[in-house]
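[1] give me coordinates for this.
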Amino acid sequence: MTKKAILAVSFGTTFPKTREKTIGATERALKKAFPAYDVFRAFTSRIVRARVAKNEGQVFDDPATALDRLSNQGYGEVIVQSFYIIPGIEYGQLKQVVNTYQSKFKKLKLSQPLLDTFDDFQMLTYFMEKQSASLPAGEAILWMGHGTAHSSFTTYACLDHMLAGTKSYVGAVESYPDITDELTRLKHAQIKKVYLQPLMMVAGNHAHNDMASDNPHSWKSIVDANNIDAQPRLKGLGEYPEIQQLFIEKLSKLI
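    Sure thing, here's the model as predicted:
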């Protein structure tokens with residue numbers, strides 16, 4: 001019988017609690033949905049892997065090392081499950097790694113990131129709208145995306161546009177639309193209180209420092225300075241069963 005594995009790949013995080021609430025929870029959901037497959041983990045960030053090894057004594061593989069290990073352990077079928085939100089630079093690099101290892105397995109496939117097709121966008125915006133639907137007038141959720149220099153930076157603006165007329169807004173830390181753009185929209189909608197949430201798999205460094213901290217350049221500080229009450233919520237997308245299910249559905253199509 002062919003040994004089968006799912007390799008769950010993400011950027012990773014140095015925050016242990018959110019790691020298990022998001023990445024770990026999604027991995028457990030995959031294992032439950034696909035019991036015939038062993039589930040393994042890989043992080044693409046060298047810095048994250050180094051810091052986790054130093055501070056926690058845990059060693060996580062990069063994708064290439066993980067695929068070498070799986071090949072040596074006799075796995076014939078491997079599905080690489082990307083936990084990325086957009087098909088950006090990191091996803092492109094992962095795709096290159098997977099392509100170089102095709103000859104080592106009978107079957108090696110890579111799933112798409114969370115947002116790939118129009119249906120993906122529709123399902124995610126439905127989820128986001130649902131999170132803010134019960135908020136009273138004058139309150140909203142501002143989702144913080146990572147942003148990218150890749151052409152897929154348009155993902156965030158597309159989500160923001162698709163959510164027009166709802167109580168959910170989308171900005172990005174490192175690209176468009178930024179916090180200034182979203183402040184203009186929040187003020188126009190006469191929002192007095194906004195909940196800040198990461199539009200990222202984990203509530204890691206960006207969520208803690210760029211979103212929720214008292215640093216004068218954080219989104220919380222900037223929003224507060226514009227007379228809007230900012231309430232950070234440190235909950236990564238991976239904590240939500242609905243998001244875990246979206247990854248499961250992507251994996252189902254490959255399997």
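
[2] Arg69 contacts Phe60, doesn't it?
    No. Look at Arg69 against Phe60 with CB atoms under 8 Å: they stay out of range, at 11.6 Å. Using the backbone N, CA and C atoms, a C-beta is placed for each residue, glycine as well.

[3] higher neighbour count, the two?
    Per other CB atoms under 10 Å, whichever of Arg69 and Phe60 has more neighbours is Phe60, with 19 against 15.

[4] excluding chain neighbours, what is closest to the more buried one?
    Spatial nearest neighbour of Phe60, chain neighbours left out: Phe43 (4.8 Å); criterion: CB to CB, 6 or more residues apart in numbering.

[5] which stretches of the stretch 51-200 of the chain form strands?
    Applying DSSP state E, counting those that start in this stretch to the stretch 51-200 of the chain gives strands spanning 75-82, 107-110, 139-145, 168-172, 193-198.

[6] just the buried residues of stretch 180-187, please?
    Using 16 or more other CB atoms under 10 Å as the test for burial, stretch 180-187 gives Asp181, Glu182, Leu183, Arg185, Leu186.

[7] isn't Ala36 up against Ala5?
    No. Between Ala36 and Ala5 there is no contact, the gap being 10.1 Å when judged by CB under 8 Å.

[8] quick one: which of those two has more around it?
    Neighbour tally, Ala36 and Ala5, criterion other CB under 10 Å: the higher count belongs to Ala5, 21 against 11.

[9] show me where pLDDT drops low in the stretch 151-255 of the chain?
    Along the stretch 151-255 of the chain, the parts satisfying pLDDT under 70 run over 151-152.

[10] what about the helices in it?
    With helices called from DSSP state H, counting those that start in this stretch, the stretch 151-255 of the chain shows them at 154-162, 179-188, 205, 219-225, 241-254.

[11] quick one, which of those helices gets closest to Arg19.
    Using CB to CB as the measure, helix 205 is the one of those that comes nearest Arg19, at 11.9 Å.

[12] what are the contacting residues of that closest one?
    Here helix 205 makes contact (CB atoms under 8 Å, 6 or more residues apart in numbering) with Thr13, Thr14, Phe15.

[13] quick one: the first one is in a strand?
    Read that as Thr13. No. The assignment for Thr13 by DSSP: H, G, I helix; E, B strand; the rest coil gives coil, which leaves it out of any strand.

[14] just checking, it touches Arg19?
    Yes. In this structure, Thr13 is within contact of Arg19 by CB under 8 Å, at 5.2 Å.

[15] which neighbours do those two have in common?
    By CB under 8 Å, 6+ apart, Thr13 and Arg19 have these common neighbours: Val202.

[16] report pLDDT for Val39.
    Val39 carries a pLDDT score of 98 in this model.

[17] wait, it sits on Ala8?
    Yes. If you go by CB under 8 Å, Val39 and Ala8 touch, sitting 6.2 Å apart.
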